[in-house]
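Colleague: The following comprises the amino acid sequence and a computationally predicted model.
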Amino acid sequence: MLKYEPEIRTFISDQYLFGEGRPLRQDESLLGAGIIDSTGVLELISFLEERFGIKIDDDELLPENLDTIGNICGFLDRKLS
Amino acid sequence: MTTPPRLVHHFLENSALRFPSKTAIIHGQKRLPYDQINRLSNQLAHCLIKAGVGPGDRVALLCESSAEYVSCFYGILKAGAVAVPINVELKPDSLAGLLDTLDAEILIASSRFELTVRPFDPSRFRLQRILVIHPATDSPGLSGPFKSLDDELPYQPDGDPDLDIRPDSCAAIIFTSGSEGKPKGVMLSHINLVENTKAIVESLTLTADDVQMVVLPFYYVMGMSLLNTHFSVGGTLVINNQFAYTAAVLKQMAEERVTGFSGVPSTYAHLLFKAPLARYRDRLPALRYCSQAGGHMPQFFKLELLKVLPPQTRLIVMYGATEASARLTVLPPESLKAKIDSIGRPIAGVTLDVLSPEGQALRAGQVGELVARGKNIMLGYYRDDAATRRVLDRQGYHTGDLGYYDEDGFYYVTGRKDDQVKIDGRRVNPREIEDVILESGQAMECLIFAVPDAYGGQKLAGLAVPVGDASDTAERVVEYCRGRLPKYQVPRPLLLVDELPKNSNGKLDRIAARRLFEERLRRGGDKGSVGIRKC
């Protein structure tokens, strides 16, 4: 389990999976699998900014930062280090 | 030797002859040339024909935008069948409802939807087969009516089946939700699509050198139009289904030297407010134009885009309808500033009349319903003669949009037939207020409508999606409106929400928005409700 992973999983599960209990792989594309849409990405950004006190720049709106649980955790690691 | 296209798949076949090794589709790491896509689509056509698909049979396509989608789409047409692209955002119940209505022979689903379609009983929908593209290797083998397309295709010949297909036969059914009632299937013939494609190519001066970034889905008529227009000239499509990651989209546009970008108003809202667009001003030297359709885009957005887009990039406003195969009018970019609210002039082959409720043609400046004629107007709604009769008659296709043309022949849309409201006895177009709110720079999207006031009349109220998180956004917007609008036009209350309801084509849904607003008021400030922020 990656650092921050439980919190990210809880957010995604509560907001988008509605407790469906669907297994979500660490490397599964959130957009590609239809779990979140473009508005969802904006909500995810707001959540990360508020919860972790970071500012996500427009240049950082990349799938390698935000599109999988693993990528989000890695991105947070880099932003918070 | 190519011949003038009479059928939609002739666009692919002609380009495969003229530019066999030229890249037609770029998607992720894949780059497919025209010849390969043509051969794949021929194989699919043979596969369908062997499965018993005949002229007029429907083949449903549940697949995100991809190279596979493209070869399936043209393959279905080559088999003489009717392609029915399905909205990939449909939930299983809605999908089942659509399949019930459709009476299709075959459903083709991409691997993303394998788990969705597996529980289906094909006989319930009278489906002969369900073909899955790239099924998961760890899933149990497909059997009975379920087949793997990957197993079926390699044994099929890759030559053109060259069937005798009538140009006036139905080529595609596009389901359009509208804002009320159940979805209607718009039946478009080969002639409809071919003629509209040719007119769009002419109006945008597309050539084989054009490289289009595609962020709109192919199941949406504007996405389909991007596909057909670029395939007709031998251009290249760059498919990116991850528009939410705007920085990645812009980066790819720079790398692939994209010449054209197309979006609906919300696409441009994202580009303006949640993308490093301004920082790419010097990195998109090939970008020839950005086109916008899918509803009214506020002046403020257009002017902002002109400031941040590369200097050589032209902004092209367009107007159309699914029932018109996509396009009805285009505003020449050189007229944009002078006619900023205009939808432009009819494209080649389209006649646009402004009619009174009695069906009389109106003069310049008089507002009436926009009624269109041309070879691009649909055959009708699928198995819904009553709905067809309501919009199609001798005068043409009744768009339901109200508008006028000016002395220079430029057309304007002022609202929908049923949108205009009366406040204090005065007519108000909600879009005027929405424009002011967006101009405030505080809201990404908003919808204004009339609600009952305490005195038995109506007042204006609305929903808005804030740009930032400031807690006083609603008050600031209202303050801005107060400074620019007469009192009766200032919406109160204006509720902030995370998202506005949209129909399946991504257009704002005013009726659903009003329902959401009323529900929000009934809850009396319940901040825990889903999607609602604060008053």
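Modeller: That came through, no problem.

Colleague: For the rest of this, base every contact and every neighbour count on C-alpha atoms.
Modeller: Will do.

Colleague: Can you tell me the element the residue most central in space within chain A falls in?
Modeller: Nearest to the mean C-alpha position of chain A, by C-alpha atoms, centre = their mean, lies A:I72 at 4.9 Å. Using DSSP states H and E, A:I72 sits within helix A:69-80.

Colleague: as a whole number, average confidence for that helix?
Modeller: Averaged across helix A:69-80, pLDDT comes to 96.

Colleague: Need the contact partners of it.
Modeller: By C-alpha atoms under 8 Å, 6 or more residues apart in numbering or on different chains, the surrounding residues in contact with helix A:69-80 are A:2-5, A:8-9, A:25-28, A:54, A:63-66.

Colleague: Tell me which residues are up against the helix or strand bottoming out on mean pLDDT in chain A.
Modeller: Ranked by mean pLDDT, DSSP states H and E, the weakest helix or strand in chain A is helix A:38-52, scoring a mean of 88. Contacts with helix A:38-52, where a contact means C-alpha under 8 Å, 6+ apart, come from A:L31, A:I54, A:K55, A:I56, B:Q242, B:F243, B:A244, B:E499.

Colleague: now those residues as TSV including distance to B:I76?
Modeller: Converted to TSV, those look like this (distance: C-alpha to C-alpha, whole Å):
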residue	distance to B:I76
A:L31	28
A:I54	49
A:K55	48
A:I56	44
B:Q242	27
B:F243	28
B:A244	31
B:E499	37
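
Colleague: Adding distance to B:S71 and secondary structure, write those residues out as TSV.
Modeller: Shown next, in TSV, are the contacts of helix A:38-52 (distance: C-alpha to C-alpha, whole Å; DSSP: H, G, I helix; E, B strand; the rest coil):
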residue	distance to B:S71	secondary structure
A:L31	23	coil
A:I54	44	coil
A:K55	42	coil
A:I56	39	coil
B:Q242	21	coil
B:F243	23	coil
B:A244	26	coil
B:E499	35	coil
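
Colleague: What is the nearest of the residues you listed to B:M378?
Modeller: B:F243 (30.1 Å; C-alpha to C-alpha).

Colleague: Against A:L42, how distant is that closest one?
Modeller: Distance of B:F243 to A:L42, computed by C-alpha to C-alpha, to the nearest Å: 12 Å.

Colleague: If you count surrounding residues, which of those two has more?
Modeller: B:F243 (22 against 18; other C-alpha atoms under 10 Å in any protein chain shown).

Colleague: hey, where'd the strands end up in the stretch 51-200 of chain B?
Modeller: For the stretch 51-200 of chain B, the strands defined by DSSP state E, counting those that start in this stretch occupy B:58-62, B:82-85, B:106-110, B:129-133, B:146-148, B:170-176, B:184-189.

Colleague: B:V211: which of those is closest?
Modeller: Closest among those, using C-alpha to C-alpha: strand B:82-85, at 23.4 Å.

Colleague: Please save the CA atoms from that closest one in PDB.
Modeller: In PDB, the C-alpha atoms belonging to strand B:82-85 read as follows (Å, rounded to 0.1, in the frame of the first residue of the first chain):
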ATOM      1  CA  VAL B  82     -26.600   0.900 -40.600                       C
ATOM      2  CA  ALA B  83     -24.000   2.000 -38.100                       C
ATOM      3  CA  VAL B  84     -25.500   2.900 -34.700                       C
ATOM      4  CA  PRO B  85     -22.800   4.500 -32.500                       C
END
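
Colleague: how about the strands of the stretch 51-200 of chain B in JSON lines, adding mean neighbour count, mean pLDDT and distance to B:F11?
Modeller: Shown next, in JSON lines, are the strands of the stretch 51-200 of chain B (neighbours: other C-alpha atoms under 10 Å in any protein chain shown; pLDDT from 0 to 100; distance: least, C-alpha to C-alpha, whole Å):
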{"stretch": "strand B:58-62", "mean neighbour count": "26", "mean pLDDT": "98", "distance to B:F11": "20"}
{"stretch": "strand B:82-85", "mean neighbour count": "26", "mean pLDDT": "98", "distance to B:F11": "16"}
{"stretch": "strand B:106-110", "mean neighbour count": "24", "mean pLDDT": "97", "distance to B:F11": "22"}
{"stretch": "strand B:129-133", "mean neighbour count": "24", "mean pLDDT": "95", "distance to B:F11": "24"}
{"stretch": "strand B:146-148", "mean neighbour count": "19", "mean pLDDT": "92", "distance to B:F11": "28"}
{"stretch": "strand B:170-176", "mean neighbour count": "26", "mean pLDDT": "94", "distance to B:F11": "14"}
{"stretch": "strand B:184-189", "mean neighbour count": "25", "mean pLDDT": "95", "distance to B:F11": "15"}
